[in-house]
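*Asks:* with the sequence up front, the predicted model follows.
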Amino acid sequence: MAEVVIVENKEIAGALVADEIVRLIDTVAEPVLGLATGSTPLPVYEALRGRLSGHDVSHLRGFALDEYVGIDPEHPESYRSVITREVIEPLGLDPALIRVPNGAIETIQHAGDDYDAAIVAAGGVDLQILGIGTDGHIGFNEPGSSFASTTRIKTLTEQTRKDNARFFDSVHDVPQHCITQGLGTILRARHLVLLAFGENKARAVAAALEGPISAMVPASAVQLHAHVTVVLDEAAASELKLADYYRYSYANKPAWQGL
């Protein structure tokens, strides 16, 4: 069972996860962080800004979950630009050590295999940050994705394009395809940290954590992982049947276990 941590708001959630990332940076010789984009992980990145002073981040490597196919890397909503703007520059990371999947059309046929090979060469991801879509997707693994899938091209659902249209001028400007780490790739990370905030994520969260393991709810793949931490605000936790148990369990957790 995943550890479920229910907190008052996303700022507290961001602080909890940021503290764990700082511990990772301080204790692992060559730490590798899995980076998610979108609005969900922003509280984590914002909390990190106030915690990294005095910590050596020159050795921190990172791998983003996904990228749009065919988008100019300089486009403000490419995930390369987002990661640079929200993570690399504010946290003072080395851009050469932060990878984003290559969405260029010219090399797209082997870009997924290249990316997975790079993750393996780096020693694997130590802590993978994840969000969850309203349809239960993680990364851009839409409903129906194989739990064994590796980094590959996916066609985005209309719902996902509508969800992401807030970052573009219109839904028609959201690319139809992406390159995303597969569920199998994600599950190889040593620690998964899934965040969700807001009532609109409550149904997906409940299905992923307490429903059956199903390709129709890609995030339910986290039930198969040995070390998963799910951090939710009260609204996102509102449909969990075992919410009281999760609160009790976390309140009585030994301090030495960390996140």
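*Replies:* Sure thing, it's come through. Numbering: from 1, shown residues only.
*Asks:* which other helices and strands contact the strand or helix carrying Ala207?
*Replies:* With elements taken from DSSP states H and E, the one containing Ala207 is helix 202-210. Judged by 3 or more Cβ pairs under 8 Å, 6 or more residues apart in numbering; DSSP states H and E, the packing partners of helix 202-210 are strand 191-196, strand 228-233. Where C-beta positions appear, they are placed from N, C-alpha and C, glycine not excepted.
*Asks:* who wins for proximity to Asp26 among those strands?
*Replies:* strand 191-196 (15.3 Å; Cβ to Cβ).
*Asks:* report the mean per-residue pLDDT for the closest one.
*Replies:* Strand 191-196 comes out with an average pLDDT of 98.
*Asks:* please apply the same query to stretch 177-188.
*Replies:* On average, stretch 177-188 scores 97.
*Asks:* ends of that stretch, what's the gap?
*Replies:* Stretch 177-188 stretches 24 Å from its first residue to its last (Cα to Cα, to the nearest Å).
*Asks:* cool, and stretch 131-138?
*Replies:* First residue to last in stretch 131-138 (Cα to Cα) measures 6 Å.
*Asks:* tell me how far Leu35 lies from Val205.
*Replies:* Leu35 sits 21 Å away from Val205, going by Cβ to Cβ, to the nearest Å.
*Asks:* quick one: the helix holding Ala207 to strand 228-233, angle?
*Replies:* With axes from the mean of the first three to the mean of the last three Cα atoms, to 10 degrees as the basis, helix 202-210 and strand 228-233 are set at 150 degrees to each other.
*Asks:* related to what we said a few turns ago, quick one: closest of the helices and strands packed on helix 202-210 to Ala148.
*Replies:* The nearest among the helices and strands packed on helix 202-210, by Cβ to Cβ, is strand 191-196 at 16.5 Å.
*Asks:* contact partners of the closest one?
*Replies:* For strand 191-196, contacts defined as Cβ atoms under 8 Å, 6 or more residues apart in numbering pick out 2, 10, 13, 17, 20, 40-41, 43-44, 126-132, 138, 186, 204-205, 208, 219, 222, 225, 227-233, 236, 259.
*Asks:* now do it against strand 228-233, angle only.
*Replies:* 20 degrees.
*Asks:* kindly export strand 191-196 (C-alpha atoms) in PDB.
*Replies:* Below are the C-alpha coordinates for strand 191-196, written out as PDB (Å, rounded to 0.1, in the frame of the first residue of the first chain):
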ATOM      1  CA  HIS A 191      10.800   6.300  -4.800                       C
ATOM      2  CA  LEU A 192       7.600   7.700  -6.400                       C
ATOM      3  CA  VAL A 193       6.000  10.800  -4.900                       C
ATOM      4  CA  LEU A 194       2.600  11.500  -6.300                       C
ATOM      5  CA  LEU A 195       0.900  14.900  -5.600                       C
ATOM      6  CA  ALA A 196      -2.700  16.000  -6.100                       C
END
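*Asks:* buried residues in it?
*Replies:* 191-196 (16 or more other Cβ atoms under 10 Å).
*Asks:* for the residues you listed, which one is nearest Thr150?
*Replies:* Of these, the one sitting nearest to Thr150 (Cβ to Cβ) turns out to be Leu192, at 16.5 Å.
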